[in-house]
Structures are given as C-alpha cells and as structure tokens.
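*Asks:* let's see this in three dimensions:
(chains A, B and C)
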Amino acid sequence: MSAVGREHPRLEGPDKVTGAARYAVEYPVDGVAYGWVVPAAATRGRITRVDVAPALAVPGVLDVLHHGNAPRLTPGVDDTLFLLQEPTVHYRGEYVAVVVADSLEAAREGARLVRIDYDTQPHSTVLSEHHPGLYRPDTVNPGYPTDTTDGDFDAGFAAAEVRLDATYRTPAYHNNPMEPHATTAQWRNGRLLVHDSTQGSTPVQATLAQLFGLPPEAVRVVAEHVGGGFGSKGAAKAPVVLAALAARQVDRPVRLALTRQQLFGPLGYRTPTIQRVRLGADADGRIAAICHDAISQTSGVHEFAEQTAVYTRSMYAGRHRRTTHRLARLDVPTPFWMRAPGECPGAYALESALDELASACGVDPVELRIRNDVTVDPDSGQPFSSRNLVACLREGARRFDWADRDPTPGVRRLGRWLIGTGVAGSSYPARSRAAAAAATAAPDGTFEVRINATDIGTGARTALWQVAADALEVPADRITIRIGDSDLPPAGVAGGSMGTASWSWAVIRACQGLRDRLRHVPGAAVPADGLTVEASTADEVRAQRPLARYAYGAHFVQVRVDADTGEIRVDRMLGMFAVGRVVNPSTARSQLIGGMTMGLSMALHEEGLLDERYGDWVNHDLATYHVSACADIERIEAYWLPEEDPELNPAGVKGIGEIGIVGSAAAVANAVHHATGVRVRDLPIRLDKLLDRLPAG
Amino acid sequence: MKAFRYHRPADVAEAVALLDAEPAAAYLAGGTNLVDLMKLGVQRPELLVDVTGLPLDTVEVLPGGGLRIGATVRNSDLAADPVIRREHPLLSRALLAGASGQLRNLATTAGNLLQRTRCVYFQDTGKACNKREPGTGCAARHGQNRDLAILGWSELCVATHPSDLAVALVALDAVVEAHDPGGAREIPVAELHRTPGEHPERETSLPRGALITAVRVPPLPFARRCTYLKARDRASFAFAVGSVAAALDLDGDTVRDVRLAYGAVAHRPWRAYRAEEALRGRPFTAELAAQAADAELAAARPLPHNGFKVPLIRNLTVRALTTLAGTAPR
Amino acid sequence: MRESAKPTEDGWSSTVTLTVNGTGHNLTLDNRTTLLDALRERLALTGSKKGCDHGQCGSCTVLLDGRRVKSCLILAVTLDGRTVVTVEGLADPTGLSPLQAAFVAHDAFQCGYCTPGQLCSARGMLDEVARGWPSAVTGDLTAPVELTDAEVRERMSGNLCRCAAYPNIVAAIRDAAAAR
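*Replies:* Sure thing, here's the model as predicted:
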C-alpha cells in the first residue's frame, strides 16, 4: 500500500513534545558568548561617533562590534547583509553594533549603554499614491514583467455596462514566526559552523561563503528544527552574519538571538500596498475589462518589488487587461517575503473587487467567479496543467450550504450579532526548482535518504520519508530521512510552495536510481559500506513543458459583528482546495488551516503602525501587534479535491504552504460587508472602522 | 537591564524602610510588568524589594460583607475565590477579562493596580515620553494614539491606565490600604490614580516608598447584579479598547442606585459619576442609559485616531445597563 | 516562610536552590537572570522557548509549584526553594504523557516552537479546571465548569501559535482531558 496519501504523525513529533528538538541557539557549545544587537536610533544619516566605553565597562562584556572595527565582508553579495561595514544609516532600527558578552544579562545591558552619535538627514517613510518618488521597477519578484497589457483596457472599461473602480490598502505586516531569528556561530581552523534559524541552509551556506571569502565547503549550516519562518527566514539574514562576525572577533562561539522587538522591520516584512482595481463587466457580471495598479515600497538598501498585481494576470476572464506595479523607495527597512508575497495582498484586492462587482450586478459571488473562469492562461496564452477553480467553488459552496444565501447585506441578526458570509477564490503558482538527493542502501536492509530540505513546520521531513518509501518500494520504517544540514545534497529553500514539489522530485529520482542499482547487484547483496545513488533534477526541471501550473482554492467564511461595538468574530472558515496529490493529509490540513488563519489575522488583527516622525513601527511586540489567538479560531475546515496532474513533478504535488492565505482575507472582508453593509477597503477591519456605520437595531 | 541587588524583607516595616533608604529601589511582586519594563530599560531599579513573602496574600471577609484583599493575592486566586465569585462577581469578571491564565497566576492585586500604561511610546526608550522622561515631550499626542485617552488627558500625556481590575474596584468604591514612612494610610481607589496634568510621571497619589498592603471593598449587595464589558481587538489576551463596569439596582422600573466605571479611556480608571447621577431616581430606559453616557462623555476630547471610543463607550454603557435591567437583546 | 536567596558578596548575584523536574540545583545566578534563561543557559533545559521574552506569547510557560506561569517574567532569584516542571519533565516514566501523545496524534503543532509552552499551559489549565476555576467565557461563575471548546480556546489564548495549530491543540487537550 502506498505511503503517500496516508496520514502519518510527524517524525519529529515526540522530540517536539518532550523538548528534545533543538533549535538554533539550543545546541550545547563550550565557552559560548552571547551577542546582542544595537539598533540605530536615527532614521537616515551617518554615524559620526561610537562610544563603546560605557558598554565595555559592564562586567562580562567582551567587545562591541561596529562599522569601525568589525571584520570586513565582501561587498556586492547582498546589500542587506553588508552589516557593520559602513557608517551609513538607511533606516531606523538598522543593526549598527553588536555587543558580545559572557552572559545574556551583560550583553543586554551593554547594548543599552553603547553611545552612538548621528549626523541625521531628512527622511521619507510613508507610502502614498502621491509619493513624488514613485517609479517603475525593471521587473517585479521573482522576475515577472512589471506591467502587462492585452487589448485596450481604457476603451473596454469605458464601454462596459457595469464599472467598478475601487482602491484597497493593506498595511505593513510582520511575519512574526514564534522563534525569533537566531544563530549560533563557531569558527574552527578557518571553517565556519553555524546553527541557523533559516528556511534553507544551502543558500545560507553559499551567501556566507561569499561574504566571508571562503570556499563553500568551509561553511556548514545546520537547521534541523526551525521555529517557523513564513518567508522571513527565506534567505541568509542579519543574525547569521552578525553572529559569524562576532564569533570571529572574540574568537569564541557566539549565540545571537534577536529580541521580538528587533524583528519588526530589519529582517523584512510584507510591504504596505495601495491597489486600484477596475473591473468593467456586462450586466451579467462577465468581465470585459480588468486592470490592477499596485503600489508598494522598497528601501534605499536594496530593491524589493512585490509582485502584487500578478495574481490578476491569470485568475479571471477579461478581453482587455492591464496590470502595473510602481514602487516608492523610502527610508525604511527592505520589505521581504511573507507567506504568498504578491498573491496574498493582490488576491485581497481582486477578490474584494469581485465581491463588489457581484453586488453591483446582482449576481451571486460564487456564480460570478464561475462565469469568469478561463480555459487558457490569459497572461501567457498557455494551457493550464490543471485548473479546478470552479470545482473548488462548487464543492466548497455545497459543503458550506451557500445555496440558500440571501445576498442582501446588513439584514441578518442573531441577538446582538450581525451575521454575514463571504467567498473568495484562491490561486498560487505550482513551481519546482532543482534539487539533489542521495539514497543509500545498507546491508541490513535499511535505507538512508539525504537531502538538504528544511522543515520549518510544514511536515516536509515526514512527507519526503513517505515519498521515499513509495519510490524505494519498501516499508517506511526501514528508511531514515536526513534533512537540515548543508553537508547533505544541496536543495533550495522552504518557500514559494516549492519545497515538497522540488525535494520529492530529487528524492524520488535518487530512490529510483538506487532501486535500479539494487536490481543489478549480483545476488542483491549490498556491499558492507552500503550502496549510494545521488540524483539531481536540474535538467528535468529545466526541461519542463511550458504550461500554466497553478493550485486553486475557494474560501467560505461566516462572521458575526457585534452591533454595539463593531467587534468582529469569525464563526466559520471553510477552504476547498485543488493542490494536486496530497502526501500527508494530516500535515497538509495543518498547513492549509494555518494559512487560512493567517489570512483571518491579516484581515482583522494585524497592522504595523508606522510613526512618520521616527520612521519605525511603534507597535513592535506581540502585545500591541496582534496575531490571532486561540480564541479567535472557532470552526475551521480545509478540504481538497482529488486531483491528478501529470505535468507537475513525479509526486504530482502542487505545494500547499501558501495557497491557504491567498484570498482568505478577502473572504473575511466580504463576509463583514455581507453582515454589516459596510465595505472597508483598508485592512485590518477593526471595530473603529465599523462602529458608526452599522445598521441600526 | 541594570544590575540590581535583591532583598526579601521580613515584614512591611522593613520593606518600607528599605524603599525609603534607597532612591532607586522598587517593590517587586508578580513582576509581570516590572520585569517587562526593566528588560526594556524603561525602569532601572538598583534594589528590588520582593514583597511576595510578606503575609499579604489572603482574602478576608469583613463583618457586614465587605472584603479585605491582601496586596499580594494573585489575580487568579482572587478571581476564583468562592466568596468573590458569589458576592463580588464584578471583580472576577474584570480579572478574567484580562491578561492570560499564566499571567494571572503571577500578577498580584496591588501590582495590577500599579501597572504602567501600555502606551507604545512609554515603552520605547527611543521615543519621547514625558511620563518616562519628564520634559522630553509626548510623542503619542500627535502620533499613533488610537488606543489612548479621550478623557482627562493633558498636552503632556495622553496615556491610559490598562487595568481591568481597577475599573471594577473604582465602581465598587474600594479603598487602598498602604504603609509609607509616615505610617499607615487609606486612599479610595478612585483617588489612587491621577490624571496626568503637568506631571504625567506621577501616576498615583501614593507618597514615595508607599507599599499597598490591601484593598478593601465595602459591601454593596446590589452589585451582585453586575457586568464587565470589554471591547477588544482580538477575542482574548488583549488590552481593552474600551470597557465598562456596571452594577444596577432597580426598584421596579426606577433606578435606585447604580455604579458605572470606564476603562481604557483615561490615565486612570474612570468612575462615571455624571452618568450615575443622570440615572439615579429615574425610570430606567435604554434612552436614559444613552443620555447618561452622553452626560459623562460630554467632557470627552478625542485624539485624532480615537474618536470612535466615544460611541463605543456609549454603546457599551447602554448594553451593560439594559442587560442588567433585563431589557437588552440577547 | 520560604527561604530567601543568599546574596553574593558584591550583591549583584545570589545563590538559590531550585528543584527542576525533580532534581535539586544549587545555583549562583546574576540577580537579573530570569527563570527562562536559567533553565536554558544554565541547566541546558532548552525545551522552554523564548518567543518574546515579555510574557506576550506563552512559549516559555512552565509549571511553578504546579501552576502555569511565564518563565520569562520571573526572576530566578525570587524562587529559592521552589519547584519547577518544564516540558522535559512532563513525560510519564513509560513514555509520552497522554497530553503529549494527544498533541502528536492531533498534529497540534507545526514548527514546534510554541509547543512546550502549550503543553505546560494545558497541563496547568486542566488543573485549574479541576479546581473549578472559571474563565472569561464561563456563564455562571458559581456553577461547576464544563470544559467546552470555547472554554479551552479562552483558557489557552495566552499561548500564541503563529502556525495556527489552534483547532488541533483544542482537540488534543479535550482528548487528554476526557482520558483523565
């Protein structure tokens, strides 16, 4: 019986519930010192003086690293990591010094006492559609065209019977994985060993090697367990560089963990967006003209161009289409990936606009989406490898009992509560990238499969083990899977919903190769030192047919809104997905409901509040930057359709880490509108935006 | 965090003497706010006087039905105390609406009353705050002030007091018992916290070095019929955006007596005396409740981001009172 | 009265005796050391996690004399003679405790970083329920507590989980509670 498709508890589950699972700063290390980051107290300018004397006077403080004394790094690798090298301050909170001490207590106190003088310059930190510096980047992440056009949008929109023109705003969102970014760094005989909290240690190894001028084999990066990332640990980040610098400076191993407060910005965040969506349709809601203009921000350090409007390019019909992206370069930290970068905020805007169009046309919002389904990708003109959006909408609607819904907003009351339901579509690219894996057979009939995948909580370790069992055609309990170490065959980050798709491909090829080899071993006798086959998927991935490959989904949400206070609670969320083959239903469901919940949190709770005068987010902790708590999640369900897509990868998977969040905030917002009749177009929707606009009891 | 010395006094007198002798000393009880602020560098005591070993951890029922709650009674113990639940449920309701189970297991009665504002500017030593550093300015006044005061603020400070328990205690006419170098004293909770005025750094009317030893709650039988409504941005584990503590005594339709207090609207828990006055002796209706709230909120001066708190408190007042009168939609 | 920590000569440190997971420890600690840092950095008990260091996430939750508390907000110097149980001390002699096993069976975690705090919190919470403690969602403060999903959600809201395993956590706790 196939291992793939069966529920299996996480392999590392017992370690995680007993405290045995070790994270980045939890490995026993002799003679360890502690690093503590000093953030810049200026928003833009230059450091004119660093006075380390008060910090060095603290008993236990070993050294203070800053631009004037830190070991040199190779420039041009990643500008966000060129740390402690120059006196320039690009944004408030930039890490400008590191105190190293014998204890955490001394390090913290030392950091408080480092005196830094700045020559400050005027700054600009607030994104607006009127920002004079708005410009058109050459491309948007991860290499998409900046603008696209097809047909004549202006003419199509002008000629449309029903026109919608609405602007949606999303604030800065902060990833906030439960484990703050952290690293233990140790130098031994010119070699660097780091235990890092990262989504991919192969890329971190490469980056460190370049920054420190080392051959890659002189750097080893271990990430056996990672306390979440949600994109924010998707590349080498400041702590790994700072810890390595500090360890070299004091010639001792160094643990450096950021504080929660220090996470808000310098490690990346989801850019605020301003999105204008225009839809022109006939009276039946068939879209003729569709335009999505997205504005977001980047920094003076490094260009980051979020692909906000890309979702609109391929999702729904429309003869006349246009998408644009513009950026403002502000004196802020560089935005970075956060779960479904681009698609997530973009889908909030488009799926909200579709709801508004449905209201304007008097068409059910599920039906409106079905009417605007497409058979070829409107962006590329390519056929889809599979597209089950309509099936998700229909099956989700059935399970949610959508059919009897009264579309009138603001009329359902249950005591003090106003009740409403909402729907949104969802889609995320199903991509793969090259990876390598190795499989070894031992004489005792056991196997070891090795790949530098990273399990940040996705269940990748368990999923790859299941895949390997099927590929080797042996019981899974004879297989050991090893991941999370750059000494293993190289693989890409856990990101872009590409992890399982990419890694399973390499695992399957290595296991198939080993199985073939074993068939040709005389007498099937494995040599004493084992038999190993290594495989890379680089050629196969490159040779994939040009097709539009996407996962799809549909979100259904019921909310209740307190008629007196405007407080919003979510009664029910239901997600229906088409994500190819599901390797482990148990961990897959966890990923999907995790994404859906983060969408709820985005819709109702989260908001980085920037103070223009200082240029940083004032609510930089978990008491004032709210993420959803246990009490916020009442009934939540995730289901998927059986979907076989032979054009994906050998395991037939589409990736599930991100699609759960795409569209879920829109479904919540649409339900709030249905409950109250109030359309809030700037997230988050909190009671103050509803209170004086609620229907009278 | 600055290095500090640590001492566990044998009795209240020693505790007070230690504080009196050391300008940079602080009392440590549950620590849930003090340790937090020490890590942030907002508070930098050089001596911690740990009062949790003092015999101040009991709840005593007084003759006539009043209570004396020891200063170091933990929030969770107080909320779960059978007498409190039965006779003074407003205290349980307010306590259970706040913080989390783990924090309530640490936090004490007096510590809850003396906790500092959660104004984000106060908590960030990189930003201007007259309360933290007098004379540096109030960054919140023209900054992010959605969560801050609508009543009783000054140009120097727009912070709110974050306690839920304190709102219930001012509604119940509770009195704080304290010791200071000058001896014992009593202060009504309603007069314990100040409005900021010219000195936002002075948060209470306690003299320096004073140690709260108990909180006395007078008997108020009608307050068994009470409610604590707390509006917040997530369903649990969040400070109030606005809260209302209410108790109502009806004689037929007529308001014989009422207690009303507001949270998250001012530098102190806000007893709504004007609203109570507008209610007493009149036939109760929802309209009257709204008028009473309006009378109290006439003095409100919302900040740029928190004008919504006026209708929020008004609606919560009506909800609370109509619920107690049995006339609210469920 | 409890014992009091002995200050060292300079006054900035103290010697405390602490029982952790049944083992006694005599430690000289900087007065600034939190219980969480003492566990992680001095006793190598890294199961208790540091998610925020300010009592706002619950990852550091341990049991202090049987009660759930946030170890990041407790100064170790205050704990002379006290008893602490961390996630490393939750397992039964024969293996995982029913609560731990239920967390594994219900996939009540993903990244696992909040999990030790969730488990200690759940253990303490179930004891609170057994003692009849009400919560913010308890309808009648004087009636016996019935452990509904809503009660579990409210009582566990001091433990944030960014992976959002919340419904699975609730299911696991209810399972373990039913088996008690």
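
*Asks:* how about low-confidence regions in the chain?
*Replies:* Picking chain A for this. Scanning chain A with the threshold set as pLDDT under 70 gives A:523-524, A:697.

*Asks:* to clarify, I was referring to chain C.
*Replies:* Within chain C, the stretches with pLDDT under 70 are C:1-3.

*Asks:* return the residues in contact with the residue of chain C found nearest chain A.
*Replies:* For chain C, the residue closest to chain A is residue C:47, as judged by C-beta to the nearest C-beta, at 2.0 Å. For every residue, glycine as well, the C-beta is placed using N, CA and C. Contacts were defined as C-beta atoms under 8 Å, 6 or more residues apart in numbering or on different chains; by that measure residue C:47 touches A:18-20, C:86-88, C:116.

*Asks:* just the buried members of these?
*Replies:* A:18-19, C:86-88, C:116 (16 or more other C-beta atoms under 10 Å in any protein chain shown).

*Asks:* of these, list those near chain B.
*Replies:* Residues of the buried ones among the contacts of residue C:47 in contact with chain B (C-beta under 8 Å from any C-beta of the partner chain): none.

*Asks:* wait, which of those residues is closest to residue A:600?
*Replies:* residue C:116 (25.4 Å; C-beta to C-beta).

*Asks:* does the residue most central in space within chain A count as helix, strand or coil?
*Replies:* Geometric centre of chain A, nearest residue: residue A:339, 2.3 Å, by C-alpha atoms, centre = their mean. With DSSP: H, G, I helix; E, B strand; the rest coil as the basis, residue A:339 sits in coil.

*Asks:* what sits against it?
*Replies:* Neighbours of residue A:339 in contact, by C-beta under 8 Å, 6+ apart: A:175, A:230-231, A:595, A:598, A:657-658, A:661.

*Asks:* likewise for residue B:241?
*Replies:* A:687-688, B:147, B:231-233, B:264, B:309, B:312.

*Asks:* do that again at 6 Å, thanks
*Replies:* Counting by C-beta atoms under 6 Å, 6 or more residues apart in numbering or on different chains, residue B:241 touches B:231-232.

*Asks:* quick check: it vs chain C, distance?
*Replies:* Per C-beta to the nearest C-beta, to the nearest Å, residue B:241 is found 16 Å from chain C.

*Asks:* quick one: buried residues of stretch A:150-158?
*Replies:* Under the neighbour-count criterion of 16+ other C-beta under 10 Å, stretch A:150-158 has A:150-151, A:153, A:156-157 buried.

*Asks:* my bad, should have said stretch B:297-307
*Replies:* Quick answer for stretch B:297-307 (16+ other C-beta under 10 Å): B:297, B:300, B:302-303, B:305-307.

*Asks:* run a quick neighbour tally on the residue in chain C that chain B sits nearest to.
*Replies:* Using C-beta to the nearest C-beta, the closest approach of chain C to chain B is made by residue C:158 at 2.4 Å. Number of residues near residue C:158 (other C-beta atoms under 10 Å in any protein chain shown) recorded here: 28.

*Asks:* got the residues of the stretch 151-300 of chain B near chain C?
*Replies:* B:236-237 (C-beta under 6 Å from any C-beta of the partner chain).

*Asks:* on the three-state scheme, residue B:27 is what?
*Replies:* Secondary structure, three-state DSSP: residue B:27 is strand.

*Asks:* sorry, back to before: find the helix or strand that the residue of chain C closest to chain B is a member of.
*Replies:* Using DSSP states H and E, residue C:158 is not contained in any helix or strand.

*Asks:* so can I have JSON lines of the buried residues of stretch B:297-307 showing secondary structure?
*Replies:* JSON lines is the format used below for the buried residues of stretch B:297-307 (three-state DSSP):
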{"residue": "B:297", "secondary structure": "helix"}
{"residue": "B:300", "secondary structure": "coil"}
{"residue": "B:302", "secondary structure": "coil"}
{"residue": "B:303", "secondary structure": "coil"}
{"residue": "B:305", "secondary structure": "coil"}
{"residue": "B:306", "secondary structure": "coil"}
{"residue": "B:307", "secondary structure": "coil"}
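
*Asks:* from the contacts of residue C:47, which two are the most distant?
*Replies:* Across these (C-beta to C-beta), the longest gap, 12.0 Å, separates A:20 and C:86.

*Asks:* which residues does residue C:69 form beta bridges with?
*Replies:* Beta-bridge partners for residue C:69, by DSSP bridges, are residue C:62.

*Asks:* wait, isn't it in contact with residue B:100?
*Replies:* No: with contact defined as C-beta atoms under 6 Å, residue C:69 and residue B:100 do not form a contacting pair (10.3 Å).
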